[in-house]
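> prediction below, plus the sequence it came from.
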Amino acid sequence: MLFFLLRYRQLIINVLKKSIRNKKYFKKYLVYKINLFIFAVYFKPYKLYHHGTTTRR
């Protein structure tokens, strides 16, 4: 779990910086990104294990 947090830390920081500018969309955007992150971690772990270093972009 730490691996994922470290890997996505910069992404989360960027999201927070963007969201502060648009407080109107703060919650929606943050929830969307967190859900996407959780989905990637919990529902598609086999892709990360099998492909190892491949980044999902």
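Received it, and whenever you're ready, just let me know what you need. Numbering: from 1, shown residues only.
> where does the chain have low pLDDT?
1-6, 19-25, 43-57 (pLDDT under 70).
> show me where it has helices.
Here the chain has its helices, by DSSP state H, at 2-21, 26-38, 45-51.
> if you tally nearby residues, what's the number for Lys18?
The tally of other residues near Lys18 (other Cβ atoms under 10 Å) stands at 14. Any C-beta I mention is one placed from the backbone N, CA and C, and that applies to glycine too.
> that one contacts Lys33, correct?
No - contact between Lys18 and Lys33 fails when scored by Cβ atoms under 8 Å: they sit 9.9 Å apart.
> give the residues shared as contacts by those two.
The overlap between the contact sets of Lys18 and Lys33 (Cβ atoms under 8 Å, 6 or more residues apart in numbering) is empty.
> gap between Phe26 and Lys18?
In this view, Phe26 and Lys18 are 9 Å apart by Cβ to Cβ, to the nearest Å.
> same deal with Tyr29?
7 Å.
> and for Gln10?
13 Å.
> over to Tyr8?
15 Å.
> name the residues contacting each of Tyr29 and Lys18.
With Cβ under 8 Å, 6+ apart, Tyr29 and Lys18 have no common neighbours.
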